[in-house]
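**Q** Predicted model, plus sequence, below.
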Amino acid sequence: MNLITNLKQSTANCIHQLYGVQIQPEQVLVNATKPEIEGDYTIVLFAFVKQLGKSPELLGNELGAAMLADMKGVLTDFNIVKGFLNFTISNQFWFDYIKNANADNLLPKTNMPRKIMVEYSSPNTNKPLHLGHLRNNFLGWSIAEILKLQGNDVVKTCIVNDRGIHICKSMIAWQLFANGATPADTNQKGDHFVGDYYVKFNDAYKAQVAELVAGGKTQELAEKEAPIQKGAQEMLLKWEQGDAATMDLWKRMNTWVYEGFDTTYKKIGSDFVKTYYESNTYLLGKELVEQGLAKKVFYQKEDGSVWIDLTGDGLDEKIVRRKDGTSVYITQDIGLAEVKQKEFNTDASIYVVGDEQNYHFKVLKLICQKLKLPAADGIYHLSYGMVELPTGKMKSREGTVVDADDLVDEMINISKEKTESLGKVSEFTQDQLTELYNTIGLGALKFFLLRVDPKKKMIFNPEESIDFHGFTGPFIQYTHARIKSILRKTGTSIQLTISDLLPLEKALAIELSNFPAVINEAADTLDPSKVAIYTFNLAKLFNSFYAELSIANAESEDKKQLRIQLGILTAATLQKGMRALGIDVPEQM
RNA sequence: GGUUCGGUAGCUCAGCUGGAUAGAGCGUCAUCCUUCUAAGAUGAGGGCCAUUGGUUCGAAUCCAAUCCGAAUCACCA
């Protein structure tokens, strides 16, 4: 099916035929041939030179000739440069590829679809979403789309961290400072409104600590005894006891936050199949602790707390239940893993969570495996790096965060300004314009966050706005729109006849043929940046092609037909690739 | 201190299962719109791939040590 696979297989076959030596096709290294050198694909011979005791020159000639015969019609020529065997692929092969490719079916669906859950977003209800959440959301969405593209059944879920001491901090600050104000009174989005009280809490807390320290207390003692901190802790206690007034306030403030989140999610795109709330799940996992004790996976200390000893696995001892019988973070995650697996019967569960929790997820998987939970082996932590500012980490407590809503709005605004100054869509209606600005602005933002390796932390400089040129979303959107503009003029009904291929036509065909491999690799490594890089390279190549060769006014009718088909395939591939990143591509911009 | 991850052009990043002269974008400089959308193309300039040693035909890539940075090692979530 795939040319590179065939080349590997043929290499192995021919070496076996020629020398009676058995090698695995996977051992064969096939690269794209360097542009300066004649050929399309290169087989690296060094590995076999030693094994077979032949000079690269001799081996290359014998192997080259044998493979030429073996892949007759596909390979037309070969040459040897040092230890590199370069093959030229026949124009006929690429022409057939172009002719047979179907824009509606660019990659084959897997014949072994899996049910995969992707959990991402995990917002806290004490503050609005920021740039870090955006990276999380876009990554989660994109990974889900990539897996879907392969033909898997994907379930997008979200766990909302809606309880805990941080929520109580916003609550108590509201009680103290708000005078009963609501988001409607201040004309604010609910999540921002509540977030402001979280910041107010910290300001008050700092002031109280400073005052206590000035009065002679140690820093540590002051931090414990600050009245507002004590208030938050008492409130958490009341919450856990189900105190009516506390629950009312908690529900009320969370409702404000959810209204705010809703607006944001709608804007950036969100389609969770299921949302879990931590207030419902935080007691989970207790029965599993009992089972673990019975299975002697866990052990109990004298004070009654329950632990697991992971020192044998190179980790530490970890508590799974407090002495008072309550769950800890890891306990509920064990329980939730079980619940999710049962509810959706998943084969795998991908958690999109920041790399600060690497240790937690290592422990989680290990514990689930030791408990022999069905979900255990399918747990996969998609760990991504923090988004940092040039000045360092973002801290919501100190207000040094890049707010998600602000950033999205800014991007949409910039796209509006640019579009207006270029003046190419004067016939658009107001609705169409609004949609276009959103598409471009969000495209720029999403692409910016997805184009780098998820594992790596990334730096965002708020002083420099996100670019619309070069390795960016709008560049690819523009290339797509440009192709569509041509196709509107030329029409898309075509008849392909035998035709020689110019280097750029061939290069485009080769690049297009790589799409399925790129998607598969991105899925295997859970890395959308592979797709981003690919779509960029494809767009760039098409633009060179476009600058060099005319489609509508091609030198012959044959050429015109061929190039229209290349345009159709490129547009479709760009569209699919960008969709896998959660980015739309406009027909016109 | 232990563990894990990172250090590649002025900046932001690819390349890392060892392969040919280390790539892209931005920024800088130069050229190209009476011809399919210039959000584009073409070219120039820019590098001791953190340092040192090792492995081998060959190292940005593998190994070791060192230096720098980050995360984590919570009865927080």
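**A** Happy to help now that I have it.
**Q** Check chain A for the residue nearest RNA strand B and tell me.
**A** residue A:470 (1.9 Å; C-beta to the nearest atom of the strand). No exception for glycine: its C-beta is placed from N, CA and C like everyone else's.
**Q** helices or strands up against the helix or strand of chain A with the lowest mean pLDDT?
**A** When each helix and strand of chain A is scored by mean pLDDT, DSSP states H and E, helix A:46-52 comes last, with a mean of 85. Secondary-structure packing of helix A:46-52 (3 or more C-beta pairs under 8 Å, 6 or more residues apart in numbering; DSSP states H and E): helix A:3-19, helix A:56-70.
**Q** that older thread, ok, the residue of chain A closest to RNA strand B - how many residues close by?
**A** If you count neighbours by other C-beta atoms under 10 Å, residue A:470 ends up with 9.
**Q** show me what contacts it?
**A** Applying C-beta atoms under 8 Å, 6 or more residues apart in numbering to residue A:470 gives no contacts.
**Q** is any part of the least confident helix or strand of chain A close to RNA strand B?
**A** Yes - using C-beta under 7 Å from any atom of the strand, we find that helix A:46-52 touches RNA strand B at A:46, A:47, A:50.
**Q** can you tell me which residues contact the second one?
**A** Spelled out, it's residue A:47. Going by C-beta under 8 Å, 6+ apart, residue A:47 touches A:27, A:29.
**Q** For residue A:448, see how far away the residue nearest the centre of chain A is.
**A** With distances taken as C-alpha atoms, centre = their mean, residue A:139 lies nearest the centre of chain A, 2.5 Å away. To residue A:448, residue A:139 is 13 Å away according to C-beta to C-beta, to the nearest Å.
**Q** Residue A:148 now?
**A** Where residue A:448 is concerned, residue A:148 sits at a distance of 23 Å (C-beta to C-beta).
**Q** Domain map for chain A?
**A** Here the domain assignment for chain A is A:3-89, A:164-270, A:415-579, based on automatic domain parsing.
**Q** who's in contact with stretch A:254-274?
**A** With C-beta under 8 Å, 6+ apart as the criterion, stretch A:254-274 contacts A:121, A:123, A:125-126, A:128-129, A:134, A:137-138, A:141, A:155-158, A:162, A:167, A:182-183, A:189-194, A:343-344, A:404-405, A:408, A:438, A:442, A:582.
**Q** Is it possible to mark the buried ones in the residues you listed?
**A** Among the contacts of stretch A:254-274, the ones that count as buried by 16 or more other C-beta atoms under 10 Å are A:121, A:123, A:125-126, A:128-129, A:134, A:137-138, A:141, A:155-158, A:162, A:167, A:183, A:189-194, A:344, A:404-405, A:408, A:438, A:442, A:582.
**Q** Sitting in helices, which of these do you find?
**A** A:134, A:137-138, A:141, A:167, A:183, A:190-194, A:344, A:404-405, A:408, A:438, A:442 (DSSP state H).
**Q** and the stretch 351-500 of chain A, which of its residues are near RNA strand B?
**A** A:355-360, A:386, A:390, A:393, A:415, A:418-419, A:422, A:424, A:440, A:451-453, A:455-459, A:461, A:467-472, A:474-475, A:478, A:481-482, A:484-486, A:489.
**Q** Do a quick rundown of the helices in the stretch 351-500 of chain A.
**A** Shown for the stretch 351-500 of chain A, the helices assigned by DSSP state H, counting those that start in this stretch span residues A:358-370, A:404-422, A:430-450, A:473-490.
**Q** Which residues of the stretch 151-300 of chain A lie near RNA strand B?
**A** A:161, A:163, A:164, A:165, A:278, A:282.
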